[in-house]
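*Asks:* need coordinates for the below:
(one chain, ligands or ions: 1)
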Amino acid sequence: MSTETQETALQLVEEIQSEMSVKQVRAQVDKILALQREVMQEGIHYGVVPGTEKPTLLQPGAQKLNLTFRCNAKFTTERLDLPLSHREYIVEANIYHLSGRWVGQGHGSASTMESKYRWRNTDRKCPLCGKETVFKSKKDPGWFCWTKKGGCGAQFKEGDQTIEGQVVGKRENPDIADLYNTVLKMAVKRALVAASLNTFAASDIFSQDVEDLPPEILEGSGGNGHAKTTPPASGQQQTAQAKRDTPPPAASNKPPGRGIGERIKAINASALLTPEEHAQVKADIGKTSTPDLDAYLAGWEKDIDERAANKGFEEGGALEKRIAAAEAMEDR
Ligand SMILES: [Zn+2]
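*Replies:* Down below sits the predicted model:
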């Protein structure tokens, strides 16, 4: 830590100790609550997810908080190139008061390795009309292009290689570079939300991390953000790996949305399940209490792993291993 940074941190602590009375803290909380009640709109500034206790702060809500407290965020970005053209962005958001004083910080990361970016699902395509509307016939062996789903009605015999020779299912997204900008924006969003929750002590009112839930559960985006109350201790010199491994400090806030990340993971993973099962997981995890989540998810994970293996997703597993190996080398 540079001497200058230490001084800033010390000044900040002194100011907080000398200036913030209980009354003032209460006033700040009241201000945020009033802001939520009178200015912010559900679905735009924050989201409410069934089964979670706190509303989730969304990026526009974070911007409102900054505006209200006369603050502004500055971002620094780090890019990690991963194997197979994958990328991760790690963003640090520093929040400054209008006076120029540093008041808080948060981190966010996003990667094209996240399952919603990494995978694409391919269904059987009709060689005649080109639509992904080919289904196995239930009456006789063979296939048909289902008109009800927009297909052409063509039928195909069992063993037809134009149908059965197709590679289908979950596969690596071939257009990963198209997502670089998307994940960068996502990392910025997550960093801003993390920094704002922390800086304005708003984590009693809002949470983070559920923004990545699918749109049918919540409109929006954020998550994977870590907040800090003190200036970075040699933060800039840390390796990216170390930063990602650093758990959120237990200091003032409990880690935002603990358990929510697991819910997201389960929903993402359950994309491998049938639509009915997928819906079941989404319904269940809203009702399942956090302590029971681990057991619940372990059951599904095992099931999902088995199916992935059966469907021939070894390619994906091999990629995971390659990335783990690359990361292990970075650590040395
Ligand atoms: Zn067709």
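
*Asks:* tell me how far S21 lies from I205.
*Replies:* Here S21 is placed at a distance of 20 Å from I205 (Cβ to Cβ, to the nearest Å). (Glycine included, C-beta is placed from N, CA and C.)

*Asks:* more neighbours: which of those two?
*Replies:* I205 (17 against 9; other Cβ atoms under 10 Å).

*Asks:* can you report phi and psi for that one?
*Replies:* phi -100, psi -40 (degrees, to the nearest 10).

*Asks:* residues in contact with it?
*Replies:* By Cβ atoms under 8 Å, 6 or more residues apart in numbering, I205 lies in contact with 29, 32-33, 36, 54-55.

*Asks:* isn't N173 up against V183?
*Replies:* No. The pair N173 / V183 is not scored as a contact, 12.0 Å apart, by Cβ atoms under 8 Å.

*Asks:* do you know the pLDDT at S18?
*Replies:* Predicted confidence (pLDDT) at S18: the value is 54.

*Asks:* what about the residue nearest to Y89 when sequence neighbours are not counted, helix or strand, and which?
*Replies:* Sequence neighbours aside, A187 is the residue nearest to Y89 in space, at 4.1 Å (criterion: Cβ to Cβ, 6 or more residues apart in numbering). Following DSSP states H and E, one finds A187 within helix 180-199.

*Asks:* tell me what that helix is packed against?
*Replies:* Applying 3 or more Cβ pairs under 8 Å, 6 or more residues apart in numbering; DSSP states H and E, one finds that helix 180-199 contacts strand 56-57, helix 59-68, strand 71-81, strand 87-97, strand 102-111, strand 226-228.

*Asks:* okay, the fourth one in CSV with CA atoms only?
*Replies:* Coordinates of each C-alpha in strand 87-97 appear next as CSV, following Å, rounded to 0.1, in the frame of the first residue of the first chain:
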residue,chain,number,x,y,z
ARG,A,87,-12.3,-14.3,-21.9
GLU,A,88,-12.8,-13.0,-18.4
TYR,A,89,-13.1,-9.4,-17.4
ILE,A,90,-12.4,-8.2,-13.9
VAL,A,91,-13.6,-4.7,-13.1
GLU,A,92,-12.9,-2.6,-10.2
ALA,A,93,-15.3,0.2,-9.4
ASN,A,94,-14.1,3.0,-7.3
ILE,A,95,-16.7,5.5,-6.0
TYR,A,96,-15.8,9.1,-5.5
HIS,A,97,-17.8,11.8,-3.8
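
*Asks:* using the three-state scheme, assign the residue in the stretch 151-300 of the chain positioned nearest to the ion.
*Replies:* With Cβ to the ion, the shortest gap between the stretch 151-300 of the chain and the ion falls at C152, namely 3.3 Å. Secondary structure state of C152, per DSSP: H, G, I helix; E, B strand; the rest coil, is coil.

*Asks:* tell me, how many residues neighbour it?
*Replies:* Neighbour number of C152 under other Cβ under 10 Å is 14.

*Asks:* please apply the same query to the one 5 residues further on.
*Replies:* A count of nearby residues for K157, using other Cβ under 10 Å, gives 12.

*Asks:* distance of it relative to F144?
*Replies:* From K157 over to F144 (counting by Cβ to Cβ), the distance is 11 Å.

*Asks:* which residues of the stretch 201-332 of the chain score low on pLDDT?
*Replies:* 209-279, 281-332 (pLDDT under 70).

*Asks:* what parts of the stretch 51-200 of the chain come near the ion?
*Replies:* 126, 128-129, 145, 151-152, 154 (Cβ under 5 Å from the ion).

*Asks:* which one (most neighbours) among the residues you listed?
*Replies:* C145 (25 neighbours).

*Asks:* correct me, but that one touches E132?
*Replies:* No. In this structure C145 lies outside contact range of E132 using Cβ under 8 Å: 9.7 Å.

*Asks:* is it correct that N66 is in contact with V193?
*Replies:* No. Taking contacts as Cβ under 8 Å, N66 lies outside contact range of V193: 10.9 Å.

*Asks:* between those two, who's got more neighbours?
*Replies:* V193 (33 against 20).

*Asks:* quickly note the distance from the closest residue to H45 other than its chain neighbours to the ion.
*Replies:* Nearest non-adjacent residue to H45, counting by Cβ to Cβ, 6+ apart: G61, 3.4 Å away. Remark: distance between G61 and the ion (Cβ to the ion, to the nearest Å) = 46 Å.
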